[in-house]
Each structure stands twice: as structure tokens, then as C-alpha cells.
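Peer 1: Sequence and predicted model, in that order:
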Amino acid sequence: MTATVDGYFHLTGKKGYRTCVFVPPTLTEKWAKEEIRHLIPDADVHLIKRTEDLIRIHQSWIQAGRPKPEKPTFFVISFTTMRGDSIKQMPLPYKKIALPKKSEEEVQRYYKNGYYCPDCGAKLRKKTSSIMVHQANGEQKEVCQYKDFTGSDLDSKTNKNSVCADCNSNIWSPKVKTKYASFKDWTKYENKLLQAIKEGNKPLQKQLELENRVKPYDAKQSGRAYRKVATVEYIRRKMKHFFDALICDEVHELKSETAQGTALGSLAKVCKKVVAGTGTLFGGRASDVFYTLWRLFPQKMVKSGFEYSSFMEWNETYGNIERTYYHDGEVTSNIASRGAQGTLDKTKVVPGISPYVFTQFLMDTTINVRFKDVWPNPVELVNVPTILVDMSEEQKQAYEHMKESFEKAIEAAKGTPDAGKLWLSYIRTGNAYPDNMIHYPNYYLDNAGKELVWSNDTFKFDEDCIQPKEKKLQEILHTEISEGRPTIIYVSDTGSTVKERDVQPRLQKVAEQVPGAKISILHTNTVTPPKRSAWLKEQVNSGVNVIICSQELVKVGLDLLVTPTLIFYQLSFSLFTLNQAARRHWRIGQTKQCRTFYLGYKETFQAQMAQLIAQKNKAAEAMNGDATSDGLNAMLGDTGDLQTLLIQNIKSGNKLKGSTEEWTKAASDESKRVLANIGNVITPVFESIEIQFMNWVEKLPETMDVAFMKKAQFVQRAVECIKKEQVPGVRAKQNVLEIDGEIEDVIRALTTLNTDNRMLVQKQDITFWDSVIVEVDSSKKKGKRKNKVIDGQFEFDLFG
């Protein structure tokens with residue numbers, strides 16, 4: 001994306017330009033210190049961590065006379081910095097308006113109560129349901145049902161209560177504390193301050209200024225930032241047309257109607273050119289691109305007849321929706337004359353993408369780039385078929401007890417709102433419980449902990465007993481460690497909401513029993529997001545070979561070059577998260593074979609989840625050009641989201657197609673070999689560092705001038721420096737040549753090494769300088785004293 005922007009301005013003859021780089025928090029350091037510098041070494045890069053940093057730069061630019069940039073200038077800003085704003089409050093009071101009497105005979109006065117929009121005067125309300133109706137002229141119209149806002153609906157700002165449903169104006173305002181109730185109060189302070197200044201009373205002046213200081217200014221004082229200004233708000237108001245281009249990385253993170261998603265629309269409006277990139281634009285639903293298209297290409301959406309509020313119409317046209325009707329049997333008689341009273345309509349967006357989304361909205365503005373287009377000789381990616389293991393007899397009994405308890409509660413709650421809540425909890429518990437049967441918490445239907453649905457106290461498990469899935473994990477780790485391959489174990493349950501659900505301490509205890517294993521856990525608060533990549537490298541360099549972490553922490557931006565093996569011990573319900581995390585190790589610069597393992601228990605929800613994920617990925621692959629007949633069917637909605645599909649299959653009793661044997665049969669030969677070697681201790685046979693270095697040089701593109709690297713004398717010198725860790729980005733570790741730096745940077749360092757070598761040779765050949773001795777003749781006429789010439793140097797007397 002940086003090359004695209006730079007190439008565009010190069011073609012237009014513009015040497016200097018300003019670009020806003022809008023990226024996730026984990027990528028700010030990488031963009032500011034690596035990505036931009038790698039392509040444009042002389043560029044000015046500003047890492048904006050707070051809004052005041054940008055304000056300071058902008059104000060300095062204004063004071064300097066608004067000069068045009070002389071070279072490429074980049075401003076790297078994270079999603080969180082861009083969206084972070086002050087606290088919002090609802091300033092509108094609850095009104096009770098008296099209506100005029102229709103006649104003088106009326107005794108009772110009528111009122112209308114509620115919250116009213118200050119712009120249009122309409123009553124504030126929220127949309128409860130919507131349905132598309134075909135009109136006589138053939139057009140579709142969205143008919144919505146609304147409900148008036150109550151006080152509890154406006155306790156905090158959400159997407160549903162942020163604007164008026166009639167005029168779409170914002171009804172929330174910043175919650176900023178006022179220091180002075182009136183101008184009169186301000187003049188009292190002003191007069192005292194002016195008097196102190198005139199009298200030269202500096203102590204009094206300082207005291208008055210301290211008393212006037214705004215408190216609380218930021219979160220340090222009260223834990224809440226009252227006067228914080230979102231960076232995008234300042235850009236939108238003060239910096240229109242300041243940026244020549246916008247680069248947005250991981251744009252799929254901005255697909256929803258969130259604050260950071262809205263920020264993308266504001267930035268696209270004030271920037272002249274926009275380049276957005278992502279690896280997973282589609283997640284199986286047409287709705288994944290609705291708001292993104294509105295923010296980047298509003299003209300196309302308007303031309304196609306859509307409005308910003310036409311979310312359901314978009315999904316009916318290019319995706320799939322599921323509409324559920326609830327009828328009250330007592331009031332549905334005589335519908336022909338009385339209408340469908342007692343009917344409730346609920347709609348939900350389900351997976352399904354029409355190919356016309358790409359042809360009508362994306363084809364002329366999208367470039368699909370695959371790894372093989374930018375990585376001609378990638379290392380092998382081995383996706384090992386999902387490994388399903390049998391539960392022990394004790395586990396089976398405990399699992400059946402859990403299923404019976406939930407199914408009994410669901411049957412009792414049938415037809416009530418609690419049924420849906422129980423189903424979701426049943427799916428999540430059934431998926432996570434087999435991995436944590438020792439500490440998994442009991443489940444209560446109510447928050448007060450009185451209505452017990454299922455208790456985990458019935459069956460007791462020995463903490464020292466290694467369960468079958470844990471045993472299989474140990475076997476995989478044993479093999480990978482013996483080959484010198486650092487590994488990451490992905491989990492979903494980290495105890496962020498319920499401490500007892502955290503499986504990371506248990507897995508650490510299990511992994512520590514593997515010979516040679518050194519374990520570390522990456523928590524959310526272990527290190528800040530921008531520094532996670534550096535933290536991972538430091539851990540591996542210090543000898544850590546097993547890292548346990550959540551998939552959410554590394555799914556975006558991190559290149560896991562130091563950990564060529566990934567193990568999904570638990571699976572996420574999010575397809576975006578799974579796809580992003582699954583190939584974090586398979587990145588440009590990787591020199592080792594990449595392996596990905598998936599683990600699960602047979603005859604559990606984990607096995608069904610594995611098959612659902614395989615089916616759902618077909619829709620996303622089809623949009624990238626890797627379409628199959630099954631994938632095209634999935635695009636048309638043959639599959640739903642993971643949780644819904646799992647519930648549907650459990651309700652219907654259907655068994656999903658696919659088994660471990662079928663997956664293994666369809667796997668590659670290398671996958672079968674890796675699968676067969678699990679548990680075996682493999683002693684790797686390494687080639688010498690010299691041969692590994694020469695093989696790496698042979699694979700370099702022909703466009704690079706690296707002929708000098710093939711000479712035996714240079715190879716010997718280069719390997720010596722690599723072993724001494726004198727070449728940045730290259731090292732020899734455990735008889736393996738590891739290159740984790742950018743290829744251009746490594747070649748630049750090796751070229752410098754070659755230049756140094758030539759200089760040393762020249763200095764050794766020139767020996768006649770040693771025999772030249774300078775004799776100083778002191779019998780000159782008197783004059784200004786000169787400094788004595790040091791022996792072994794020349795003296796040049798221009799005026800002698």
C-alpha cells in the first residue's frame with residue numbers, strides 16, 4: 001500500500017506529500033519503524049500516540065506559513081487513538097407536554113411524555129423490527145416498528161440510541177465540566193488575576209492560575225477523561241485536505257457501525273486518495289462490506305438506490321436474512337377481518353454472499369493479491385488434518401451429565417426467552433468444558449446464582465492425571481521441540497470474564513512435562529499491543545520454545561516468523577479470528593516449513609465445530625478465486641454462522657459430513673508424514689551454515705546484484721560474521737541459518753560487509769607508506785610558530 005501511494009505521486013510528479021496511516025494498535029510500531037522505512041528510507045514518519053501530538057505538529061505547520069511538503073511524510077495513527085473521545089452524556093430532559101383540550105367540556109387534561117429531538121421535535125424511539133414491502137411501482141420499502149425510549153435506554157451511548165430515528169441528528173453531547181456558571185463568575189477571577197499581574201505579585205498570580213486549572217483534565221485525576229478529543233474529530237474539523245492520501249490497513253476491522261468504523265468514513269472524506277487493504281474482506285456475509293462500501297464509495301451505493309439506513313434491504317438483495325414469526329394462538333383467530341394481531345416479527349442476517357457484490361461494487365476498485373504473487377518461492381505450508389481423540393470413560397460420563405442437565409433445562413424453558421440464552425450457554429459450555437473439567441464453573445440461569453442449571457461438582461478429576469487431548473498435545477510438542485521448532489498454542493478460554501475458565505495455567509503445567517520445553521504465557525496485559533511482536537522475538541531468543549496465548553492477541557498484524565508451528569488447542573466461533581490467526585507464521589521472510597495443527601475431542605461439540613469451520617471457509621475462499629461447487633453453494637447460504645449452525649444440527653440430530661479418516665485421505669503427502677511422526681523424537685540433519693547460506697543466495701531474485709555473495713572467500717567471511725551475530729537480521733542458531741530481517745536490509749548489510757572486506761585488502765597491499773618519514777627543517781626564518789608535524793604524516797605548506 002505504501003508503494004501504491006508513492007508510485008501514484010511519483011507519476012503525478014509530486015515529490016512531497018502527506019499520508020495518514022490508519023492501522024490497528026498492534027501495527028503502529030511496525031508501520032512507523034519498518035514498513036515505511038523499508039520502501040522510502042528518506043521519508044518523515046510521525047507516530048501519533050495522542051491527539052495533542054497531532055495538534056502540536058499541525059499548529060507548528062500553520063505558524064510556519066503552511067509550507068508544502070518537500071518529501072514523503074507519514075502520520076501513523078492507531079484505531080484506538082483515532083476513535084478515543086471524551087465521555088458523552090444525554091443532555092435531553094424527560095418532558096411532560098400538556099396537550100390542548102379539544103373542547104371546553106373536557107375535564108381531564110392529556111399529556112405526551114418522553115424524550116424529544118431538539119432538531120426536528122420528533123419523539124426519540126428505537127427500531128425493534130423491520131420488513132421489506134414491495135410497493136405497487138415495483139420498488140421495495142422498509143417498514144419498521146419502533147418503541148419509545150425510556151430512561152434506562154439512554155443510560156449510556158450505543159449504536160441504537162446515538163441518533164434520532166427521524167432526522168438522523170446526533171442527540172448526545174460531550175460531558176465537559178464547566179468551571180464558571182456565568183460570565184460574572186469569570187470576571188471575578190479575571191479581575192483578581194489582572195490585579196496580581198499589575199502589582200507584580202507572582203506568588204498570588206501562580207496561586208490563582210493553579211486554582212483555575214481544569215480538573216479533572218484527564219483520566220489520571222478521576223479515572224475518566226472529560227476533555228479528551230478524538231483525533232478523527234480534530235482532523236475532520238481542522239485538517240480538511242491536509243492529507244494527500246489515506247492508507248488503511250486491516251480494513252475488515254472497521255466493517256461494523258462502531259466509532260473506529262465511523263472514523264474511516266470521516267478520514268475518507270477529508271483525504272484526497274484512499275488505499276485500504278485486508279486479508280479477509282469477506283467473512284461469509286454480504287453485510288461484511290455494507291458499511292465499508294458506504295464509507296469508501298458512497299456514490300456507488302447512492303447510484304444503486306441504497307440509503308445508509310438500508311442495511312436489511314442490502315442483505316435481502318445481496319445476502320440472506322432469516323425472518324422468524326411468533327404468533328399468539330389466543331388472538332390469531334379471525335385474522336381475515338381483525339388482522340394479524342399478536343404477531344411478532346424478528347429478522348436476523350445469516351451467511352450468504354451474492355457474486356454481484358464483487359462485480360458491481362468492487363471489481364473496478366479492488367486488486368486481489370495472493371501470496372504467490374508477491375512471494376514467488378514460499379516455504380511449504382502444512383495444514384495437518386484435524387486430530388480428534390477419544391475421551392476417557394470418566395470424561396464421557398461427565399460430558400453426558402452436562403448435556404442432560406442443559407437439555408432438561410432447555411425443554412423446561414421451551415417457548416420462553418430463557419430458551420435462547422440456554423442454547424447459547426449449552427453450545428459454549430459443550431465446546432469448552434472437555435478442556436477444563438477440573439475447574440470449569442457451575443452454570444446458573446440467573447445472575448444471582450440461585451437457579452442452578454448444571455453443576456460441575458458431581459464428577460471429580462485428579463489434577464495430576466493427563467487427559468487424552470493433553471497427551472496428544474504433549475506428543476506434538478515433543479516432536480516439534482526435538483526438531484528445534486518453537487510453537488504457539490492457541491486457546492479461547494483465558495479467564496477474561498470468569499477466572500475459573502482459564503485453561504492457560506493447566507496447559508502450562510501439561511507442557512512443562514515435555515522434555516526440553518520452556519513455556520511462556522502471553523496475557524492481554526503482558527505487554528502493550530505495539531510491542532507484542534518484539535516480545536515474542538525476545539522470548540524465543542531467550543530459549544522459550546512454547547508460547548500459550550489467545551488467538552485474539554495475535555490475529556492482526558503480527559508476523560510469527562519465530563514460531564513456525566501453530567497448534568489450535570481450542571477453536572474460536574469467529575471465522576475472521578480463525579483465518580487471521582491460522583497463517584500468522586506463513587509470512588514473507590519465513591525460512592522454515594510452517595505447520596498448523598487442530599485438536600479436538602470425538603463425539604463432542606468440538607468435532608462438529610471443526611467440520612463447520614471447514615464448510616464455512618468455502619464461502620470466503622470462493623470470493624478470492626479459489627471456488628469449488630461446494631464453495632459456491634455456501635455463498636448462496638447453505639451454511640450459517642458457527643453457533644447457529646451448531647445449534648441447528650444439535651436440534652435436528654443431523655450428523656455433519658466429514659471425518660478424520662476422510663480429511664486425512666484428502667491431505668497432502670507431507671501432512672500425512674507430519675501426522676504419522678507425532679510423538680516421535682526426530683533428530684534433525686542440518687546442512688552446514690555455508691551451504692544454507694549459498695542455498696539462500698541462489699533463491700534470491702535475479703534482479704538483485706548478488707554475484708559477489710557466491711564467491712567462496714566472501715561466503716567464508718560472511719558465515720564468520722553471522723556466527724558472531726555481526727550481520728543484522730541474520731543469525732545461526734542450533735546449526736540453522738535464521739533470517740528474520742527484511743531481505744533488502746540483509747543484502748544491504750552484506751554489501752557493506754563486502755565493501756569493508758575490499759578496504760581491508762587494499763590497506764594490506766599498500767605497504768610503502770610505512771617507509772616515508774617526514775623530516776622537519778627548523779632553520780627557517782623566524783615567524784609565527786607552527787605546530788610540530790607528527791612523525792609519519794605529510795606537511796603541506798601552501799605559502800612556504
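Peer 2: Done, it's in. Numbering: from 1, shown residues only.

Peer 1: Distance of residue 244 relative to residue 19?
Peer 2: Relative to residue 19, residue 244 is positioned 7 Å away (C-beta to C-beta, to the nearest Å). (C-beta placed from N, C-alpha, C; glycine too.)

Peer 1: More neighbours: those two, which one.
Peer 2: residue 19 (26 against 21; other C-beta atoms under 10 Å).

Peer 1: Let me see the contact set for the nearest residue to that one once chain neighbours are set aside.
Peer 2: Spatial nearest neighbour of residue 19, excluding adjacent residues (C-beta to C-beta, 6 or more residues apart in numbering): residue 245 at 4.5 Å. Residue 245 makes contact with 5, 8-9, 17-20, 271-275, according to C-beta atoms under 8 Å, 6 or more residues apart in numbering.

Peer 1: Burial check on residue 591, number of neighbours?
Peer 2: As a burial measure, residue 591 scores 15 neighbours (other C-beta under 10 Å).

Peer 1: So the residue nearest to residue 19 versus residue 43, what's the distance?
Peer 2: 13 Å.

Peer 1: Distance of the nearest residue to residue 528 once chain neighbours are set aside relative to residue 601?
Peer 2: Nearest residue to residue 528, sequence neighbours excluded (C-beta to C-beta, 6+ apart): residue 25, at 7.9 Å. Distance check for residue 25 against residue 601: by C-beta to C-beta, it reads 35 Å.

Peer 1: Just the strands from the stretch 501-650 of the chain, written as ranges.
Peer 2: 519-522, 546-550, 565-568, 594-601 (DSSP state E, counting those that start in this stretch).

Peer 1: any chance of those in TSV, with distance to residue 49, mean pLDDT and mean neighbour count too?
Peer 2: Converted to TSV, those look like this (distance: least, C-beta to C-beta, whole Å; pLDDT from 0 to 100; neighbours: other C-beta atoms under 10 Å):
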stretch	distance to residue 49	mean pLDDT	mean neighbour count
strand 519-522	22	94	19
strand 546-550	24	94	24
strand 565-568	31	95	24
strand 594-601	34	93	24
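
Peer 1: what bits of the stretch 651-800 of the chain have low per-residue confidence?
Peer 2: Along the stretch 651-800 of the chain, segments meeting pLDDT under 70 span 651-667, 682-686, 702-703, 734, 740-741, 755-800.

Peer 1: What segments of it are helices?
Peer 2: In the stretch 651-800 of the chain, the helices defined using DSSP state H, counting those that start in this stretch lie at 660-666, 669-676, 689-698, 712-723, 743-765.

Peer 1: Can you add distance to residue 200 and mean neighbour count and give the ones you listed back as CSV?
Peer 2: Compiled in CSV, the helices of the stretch 651-800 of the chain are given as follows (distance: least, C-beta to C-beta, whole Å; neighbours: other C-beta atoms under 10 Å):
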stretch, distance to residue 200, mean neighbour count
helix 660-666, 86, 13
helix 669-676, 82, 15
helix 689-698, 74, 16
helix 712-723, 67, 16
helix 743-765, 60, 13
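
Peer 1: So which of the ones you listed is nearest residue 535?
Peer 2: Among these, helix 743-765 comes nearest to residue 535, with 21.2 Å by C-beta to C-beta.

Peer 1: Nearest the geometric middle of this structure, what residue?
Peer 2: Central residue of the chain (C-alpha atoms, centre = their mean): residue 556, 4.1 Å from the mean position.

Peer 1: That residue contacts residue 579, doesn't it?
Peer 2: No: between residue 556 and residue 579 there is no contact under C-beta atoms under 8 Å: 11.3 Å.

Peer 1: on that earlier part again, contact partners for the residue nearest to the centre of the chain?
Peer 2: Contacts of residue 556 by C-beta under 8 Å, 6+ apart are 24, 26-27, 250, 253, 580.

Peer 1: cool, and residue 44?
Peer 2: 71-74.

Peer 1: Okay, it and residue 237: tell me how far apart.
Peer 2: 24 Å.

Peer 1: Over to residue 504?
Peer 2: 45 Å.

Peer 1: Neighbour count for those two, which is higher?
Peer 2: Each of residue 504 and residue 237 has its neighbours counted (other C-beta under 10 Å); residue 504 has more, 20 against 11.

Peer 1: Let me see the contact set for that one.
Peer 2: Contacts for residue 504 (C-beta under 8 Å, 6+ apart) come out as 491, 494-495, 521, 523, 548.

Peer 1: Check the gap between it and residue 440 for me.
Peer 2: Taken as C-beta to C-beta, the span from residue 504 to residue 440 is 14 Å.

Peer 1: What of residue 451?
Peer 2: For residue 451 relative to residue 440 (C-beta to C-beta), the value is 18 Å.

Peer 1: Look at the two and report which has more neighbours.
Peer 2: residue 440 (21 against 12).

Peer 1: how near is the nearest residue to residue 737 once chain neighbours are set aside to residue 515?
Peer 2: Counting by C-beta to C-beta, 6+ apart, residue 692 is the residue found nearest to residue 737 once chain neighbours are left out, at 4.0 Å. Distance of residue 692 to residue 515, computed by C-beta to C-beta: 27 Å.

Peer 1: before we move on, what about residue 311?
Peer 2: With C-beta to C-beta as the criterion, residue 311 and residue 515 are 55 Å apart.
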